[in-house]
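**Q** sequence first, predicted coordinates after that:
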Amino acid sequence: MDKYLVKYLRENAENEIAKKYIDFFKIELDWHIYNSEFQKSIQNETYVDLKRKLYKLFQYSNTLLSGFDKKANKNLNILSSVAFPDGLLNNLGYNFFKPIWNSHIKTNVFEDFKTINWYHNVRKKINSKNFNELLDVEWYHNLHEFQNHLVSEYSKKDFRALFLGTDQIFYSKYCIEVFNKMQRPTFVFSHGLPGIYSKEVDNRSDYLMVWGEKIRENYIEAGFDSSKIKVVGHPKYKDIPKNKTLRSDLSDVLVIPVSSVTPHQHEYDSIVLSNPSMVVLYLYKVQAVLKKLGIKKARYRVHPSIDSNWIYSFLDKNFYIKDSAYLTISLNKASLVIGSTSTVLLESLMQGVNYLVFEPHDDEGINMCGYKAVPPFDGSEKRLGVANSEYELEELLRSNVVADYTMIHDYIQDLDLTVIKDLIC
């Protein structure tokens, strides 16, 4: 039985162009199905915020009037939606330019007037409430033809590579194909500890740049070509201490619940229907365990994509305190973090506080978000305390199990982008 609308539409498309572009717009089509509220938030950001509109107008004008050649120099040119510390790429011999679909006010942006108009047309269709706006076969042919313009413009300015934060959104897939036509390499820079390892996610680019050797091994285990996975660390983390003594007690517990709101499907054949109430259920489960140990208060913080006020309306206000501080401030206050699958694990260890993983799952190993847990959250990492039930969490807390800080060096290394020197010419 067919269970996924976008897969059905792709398989029954009238021609190969339509099939390809339905795949290109897979995530954006999913937003209409699985998270209409997410779509509304995009519209509000795009069309309501006048200040942002004016900033964009200034930026586009500056881009068109200032001239590309004034910003470029003898360094090689890179088109990148990934942010790096100031001067880092320049020191490696590269000029950093943002694409129009991922531009920021204070960054160099390269696009011409024709491309700006193209971008606004695409954005308008993506933001439309009409699902069928993204199923226009004639428009697909226009998009396909417009790639020739981008190939011409990007070739004139001699862009040597494309850097992306993911390959899942339309613009990424589209530009990867543009750079393939130019025979220039494409790179996806992983932006966190993966919650899923799948050959359908971040596998379109020539290279996938990851934080640490363990992550590289996990991708290879999932079937990725080993030659495309490169360990480079992450721009946010430099000079990671070799060792730390982690604080771990119950005086100020911070809880990081599951992120059980899925606005899109990662794969075509493994459909996960999200249940937003799992975030609340997770917090109640942790509360039950902590109260057994005499804890009367705890802080919690949800993933930025989830409305924390909506979650708070379900909770026991006498027990839970909503944490809205910057993450580093929040972690510096914490005496212990109890959390699910999250990059906060690494952040927590780097801030010197213990992290206990609480990942309840069913008999088939499916967690509260509908996925199978992956390393290091699946219990395979023996240097990390992992609980799959309230009973196991209580035992970890009573025994004061503390993570081995040194594991962090397997999952993230100091930033080192020198490997790209051999991949870009």
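**A** That came in fine, so what should we check first?
**Q** burial of residue 279, as a residue count?
**A** 25 (other Cβ atoms under 10 Å). Bear in mind the C-beta positions are built from the backbone N, C-alpha and C, glycine included.
**Q** oh, that last question was meant for residue 122, not what I typed.
**A** Close neighbours of residue 122, defined as other Cβ under 10 Å, add up to 20.
**Q** that one belongs to a helix?
**A** Yes. According to DSSP: H, G, I helix; E, B strand; the rest coil, residue 122 belongs to a helix.
**Q** and residue 194, how far from residue 120?
**A** 33 Å (Cβ to Cβ, to the nearest Å).
**Q** which residue is the nearest non-sequential neighbour of residue 401?
**A** Nearest residue to residue 401, sequence neighbours excluded (Cβ to Cβ, 6 or more residues apart in numbering): residue 385, at 3.9 Å.
**Q** okay, residue 364: pLDDT?
**A** If you check residue 364, the pLDDT there is 86.
**Q** so who does the residue nearest to residue 401 touch?
**A** Residues in contact with residue 385 (Cβ atoms under 8 Å, 6 or more residues apart in numbering) are 356-357, 396, 401-403.
**Q** more crowded one of residue 194 and residue 120?
**A** Shown here are residue 194 and residue 120; by other Cβ under 10 Å, residue 194 has more neighbours (20 against 14).
**Q** quick one: the more buried one and residue 215 touch, right?
**A** Yes. At 6.8 Å, residue 194 and residue 215 qualify as touching, with contact defined as Cβ atoms under 8 Å.
**Q** and residue 208, what element?
**A** Using DSSP states H and E, residue 208 sits in strand 207-210.
**Q** for that strand, the averaged confidence score.
**A** pLDDT averaged over strand 207-210 gives 97.
**Q** what's in contact with the following helix or strand past that strand?
**A** Sequence order places helix 213-221 as the next helix or strand after strand 207-210, per DSSP H and E. Here helix 213-221 makes contact (Cβ under 8 Å, 6+ apart) with 190, 193-194, 197, 208, 210, 226, 229-231, 374-376, 410-411, 413.
**Q** give me the buried entries from those.
**A** By neighbour count, with 16 or more other Cβ atoms under 10 Å, these hold 190, 193-194, 197, 208, 210, 229-231, 374-376, 410-411, 413 as buried.
**Q** residue 271 - how many residues pack around it?
**A** Per other Cβ under 10 Å, the neighbour tally for residue 271 reads 14.
**Q** by mean pLDDT, flag the weakest helix or strand of the chain.
**A** helix 36-43 (a mean of 39; mean pLDDT, DSSP states H and E).
**Q** quick check, pLDDT for the most centrally placed residue in the chain.
**A** For the chain, the residue nearest the mean C-alpha position is residue 191 (5.3 Å; Cα atoms, centre = their mean). At residue 191, the pLDDT value in this model is 84.
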